[in-house]
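>>> I need the structure of the sequence given here:
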Amino acid sequence: MATLEPAAGASLGRLEAPQLGEPIHEPLTELEIKLEANRCLYCYDAPCMRACPTHIDVASFIAKIASGNVKGSARVILDANPMGASCARVCPTEELCEGACVYEKDDTPIRIGDLQRYAIDYVMDRGIDLFAPGAPTGKRVAIVGGGPAGLSAARDLRRFGHAVTIFDPRAELNGLNTYGIVPFRLSYDVALWEAQQVVNLGAEVRTGVRVGVDVSMEALVKDYDAVVVACGMGSVPKLGVPGEELEGVWDALDFIERAKLGKSVGEVGDHVAVIGAGNTAIDALTCSKRLGAERVTMYYRRGESQMTAYEFEYEFAKQEGIEFRFFCAPKRIIGERHVSAVEFVRTALPQGGTKSTPLAVPGSEFVEPVSTVIRAIGQSRLSDTFKALGIQADDGVVKVDAELQTTRPGVFAAGDCIFEKGMREAMVVEAAEQGKQAARSIDAYLRSGARV
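Below is the predicted model:
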C-alpha cells in the first residue's frame, strides 16, 4: 500500500504530464488588466459576489489589482475559495459572477475570471504562501478523498488549528481537477499547486489508500475526532448495449486521464463517437480532436437545450470543429475485435416532458461507422462505499443535515457525493464552498467538546 505523508513544505507531483495543444485561456495584457480593473463600479449590493457560490469579494480583489496590490488581491480570492486557481479556468463565469455584472446587459461584463486568474498566477509563479495554520487544538480530522471538497475542508481545518490527514486512492491529490479535466482547460501543474497549498499548511497525506479496503471506517472513527467524507463519485456507467467489451470503447474519464498524463490511448482513428452531453463529454470530444481524429461527433439522446455542458464549453467545442447529433441513442456497438460502427436509434421526448426519459422511435435505426467510442454519461454513485462507511445514502446521494453532518454523528460529507441528481452538473466552486462549510461545522462540533 503506497503512502505519502509530507510535512509542511513537502512537494506533491511525481508525473510528467504533457500539454495537448495550447491552453484555451489567453492571459490578459498589462493594458487589458488595467482597463478591466478600472471599469469596476464597486456596486454597493455586489451582485457578482452574491452570484459566486464561495462569495468572493470581487470588488475588493479587483480594487487591489487596480492599486497594484496583486498579492493582496490573490489573498482575497483564495481566502474565500481554496480552489480559486482552477475555478478561474473552469467555472462558468458567464452564469455566475460575470453573468451578474451590471455591465452584462450591455454585453460587456468585466472579465472577472481573467482578472482572478491573473491575480492567482501572480502568487503561483512567485511561490508566495498566503496562509498559515492556526494554533494547535489537539483535535484530529480524517478526510476521505483529496478532491476539491476534501482539500477545501482540509485547508480551513488547518487554519482553525486542527490536525488533518487526507486519505486518497490516487497517486496525486485534487481529484478530477488533476485527472479528469483536459490540460488545455486546466493544467496538471495548476491542480497540484492547489493541493500543495494544503500540504504546505501541514496536512498529512496518505495516497494510494482506499478507505473501506486498506483502512476501515471504524479505524478512522477510533483514531480521529471527526471525519469528512469527500470521495466524490465513481467511473462512467456502462451504456448497457451489446458490444461494449470491444477494443476502442472507452470510459471518458479513463480516456482523458491517460491523454492528460501522456499515456497511450492507441490510435483514435478517423471518427470518434462520444456518447453524452456534459462537460466531461466536451472534454473527451475536444481531446479526441487534438489527438488527431479527423471527425469527432457527440451523440445525445435528448436535445440541445437539455445539454448539461456549460454554454462556453459547448461554444468552444463548436470552434474546435466538433459535430453534434441530438435525439439519438446507441442501440449496439458493432465490430469483431475492435469497434467499427455503432447502431443508433432516433429518440423523442414525451410531449411536455423535457426531463422525461426519451423514447426510441420505432424503425428509425441507422448505423454510423466509427473507430472509437467514448461513453460520457455521467458518473456512478459509490453506494457500496457509503454502506461500508456506515452512513446513509438515498439512491447513492449521501444524506446530510444543514451542517453537512451525515446520519453518523461526527461524520460529515461534502462535494459530489452529496450533490443531488438532476439535469445540471456539479461545479468545482460548489465543492469548494461545501468543503468550507464542512470545516466550519466540524470546528464548531469539536470546540463544543463532541467527538466521533
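>>> average pLDDT across stretch 217-233?
Averaging pLDDT along stretch 217-233 yields 94.
>>> cool, stretch 424-434 as well?
For stretch 424-434, the mean pLDDT works out to 91.
>>> and what of stretch 109-119?
Mean pLDDT, computed over stretch 109-119, is 97.
>>> give me the residues contacting stretch 104-120.
Identification of contacts with stretch 104-120 by C-beta atoms under 8 Å, 6 or more residues apart in numbering yields 25, 27-28, 32-33, 36-37, 39-40, 48, 56, 58, 61-62, 64-65, 70, 73-74, 77-78, 84-85, 87-89, 91, 93-94, 97-99, 101, 103. The C-beta positions use only the backbone N, C-alpha and C, and glycine is treated the same way.
>>> could you rerun that using 6 Å?
28, 33, 36, 39-40, 58, 70, 73-74, 77, 84-85, 88, 93, 97-98, 101, 103 (C-beta atoms under 6 Å, 6 or more residues apart in numbering).
>>> which members of these are classed as buried?
Buried members of those, counted by 16 or more other C-beta atoms under 10 Å: 28, 33, 36, 40, 58, 70, 73-74, 77, 84-85, 88, 93, 97-98, 101.
>>> show me which of those residues is closest to Tyr122.
Closest to Tyr122 out of the buried ones among the contacts of stretch 104-120 is Val70 (4.4 Å), distances taken as C-beta to C-beta.
>>> can you give me every residue that contacts that closest one?
By C-beta under 6 Å, 6+ apart, Val70 lies in contact with 119, 122.
>>> also Asp283?
182, 256.
>>> for it, helix, strand, or coil?
helix (DSSP: H, G, I helix; E, B strand; the rest coil).
>>> contacts for the longest helix along the chain?
Secondary structure of the chain per DSSP state H: the longest helix is helix 428-447. The contact list for helix 428-447 (C-beta under 6 Å, 6+ apart) reads 53-54, 81-83, 86-87, 90-91, 139, 148-149, 152-153, 156-157, 160, 225-226, 228, 403-404, 412, 414-415.
>>> what's the PyMOL syntax to select whichever of those residues are buried?
Applied in PyMOL, the following selects the buried portion of these according to 16+ other C-beta under 10 Å:
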select buried, resi 53+54+81+82+83+86+87+90+91+139+148+149+152+153+156+157+160+225+226+228+404+412+414+415
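>>> of the contacts of helix 428-447, which belong to strands?
Secondary structure defined by DSSP state E assigns 226, 228, 412 of those to strands.
>>> and the last one, how close does it get to Val228?
In this case it means Phe412. From Phe412 over to Val228 the distance is 5 Å, taken as C-beta to C-beta, to the nearest Å.
>>> what does Ala74 show for phi and psi?
With angles defined as degrees, to the nearest 10, Ala74 sits at phi -60, psi -40.
>>> quick one: contacts for it?
Contacts of Ala74 by C-beta under 6 Å, 6+ apart are 119-120, 123.
>>> include secondary structure and neighbour count when you put those residues into JSON lines, please.
Shown next, in JSON lines, are the contacts of Ala74 (DSSP: H, G, I helix; E, B strand; the rest coil; neighbours: other C-beta atoms under 10 Å):
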{"residue": "Ala119", "secondary structure": "helix", "neighbour count": "28"}
{"residue": "Ile120", "secondary structure": "helix", "neighbour count": "27"}
{"residue": "Val123", "secondary structure": "helix", "neighbour count": "21"}
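>>> so which residues of the stretch 301-450 of the chain form strands?
Taking DSSP state E, counting those that start in this stretch, the strands of the stretch 301-450 of the chain run over residues 323-326, 328-335, 339-348, 359-360, 366-369, 372-375, 393-394, 397-398, 411-413.
>>> take the ones you listed and lay them out in a markdown table including distance to Met217 and mean pLDDT.
A markdown table is the format used below for those (distance: least, C-beta to C-beta, whole Å; pLDDT from 0 to 100):
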| stretch | distance to Met217 | mean pLDDT |
| --- | --- | --- |
| strand 323-326 | 43 | 98 |
| strand 328-335 | 38 | 98 |
| strand 339-348 | 40 | 97 |
| strand 359-360 | 42 | 94 |
| strand 366-369 | 46 | 98 |
| strand 372-375 | 31 | 98 |
| strand 393-394 | 14 | 94 |
| strand 397-398 | 13 | 95 |
| strand 411-413 | 8 | 97 |
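>>> among the ones you listed, which is nearest Val164?
Of all the strands of the stretch 301-450 of the chain, it is strand 411-413 that lies closest to Val164, at 13.0 Å by C-beta to C-beta.
>>> now for that closest one, which elements pack on it?
Applying 3 or more C-beta pairs under 6 Å, 6 or more residues apart in numbering; DSSP states H and E, one finds that strand 411-413 contacts strand 226-229.
>>> next helix or strand past the strand it packs on?
strand 249-251 (DSSP states H and E).
>>> so Val229 is in contact with Ala414, correct?
No - Val229 lies out of contact with Ala414 (C-beta atoms under 6 Å); the separation is 7.7 Å.
>>> dump stretch 68-88 to PDB, restricted to CA.
C-alpha atoms of stretch 68-88 as PDB (Å, rounded to 0.1, in the frame of the first residue of the first chain):
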ATOM      1  CA  GLY A  68      -1.100  47.300  -7.800                       C
ATOM      2  CA  ASN A  69      -1.600  45.100  -4.700                       C
ATOM      3  CA  VAL A  70      -1.800  41.800  -6.600                       C
ATOM      4  CA  LYS A  71      -0.700  39.700  -3.700                       C
ATOM      5  CA  GLY A  72      -3.500  41.200  -1.600                       C
ATOM      6  CA  SER A  73      -5.900  40.500  -4.400                       C
ATOM      7  CA  ALA A  74      -5.000  36.800  -4.600                       C
ATOM      8  CA  ARG A  75      -5.400  36.600  -0.800                       C
ATOM      9  CA  VAL A  76      -9.000  37.900  -1.000                       C
ATOM     10  CA  ILE A  77      -9.800  35.300  -3.700                       C
ATOM     11  CA  LEU A  78      -8.200  32.300  -2.000                       C
ATOM     12  CA  ASP A  79      -9.400  33.200   1.400                       C
ATOM     13  CA  ALA A  80     -12.900  32.700   0.100                       C
ATOM     14  CA  ASN A  81     -12.200  30.000  -2.500                       C
ATOM     15  CA  PRO A  82      -9.300  27.500  -1.900                       C
ATOM     16  CA  MET A  83      -9.900  26.300  -5.400                       C
ATOM     17  CA  GLY A  84      -9.600  29.800  -6.900                       C
ATOM     18  CA  ALA A  85      -6.900  28.800  -9.400                       C
ATOM     19  CA  SER A  86      -8.900  26.000 -11.000                       C
ATOM     20  CA  CYS A  87     -12.200  28.000 -10.800                       C
ATOM     21  CA  ALA A  88     -10.600  30.900 -12.700                       C
END
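>>> and the pLDDT at Lys105?
For Lys105, pLDDT reads 87.
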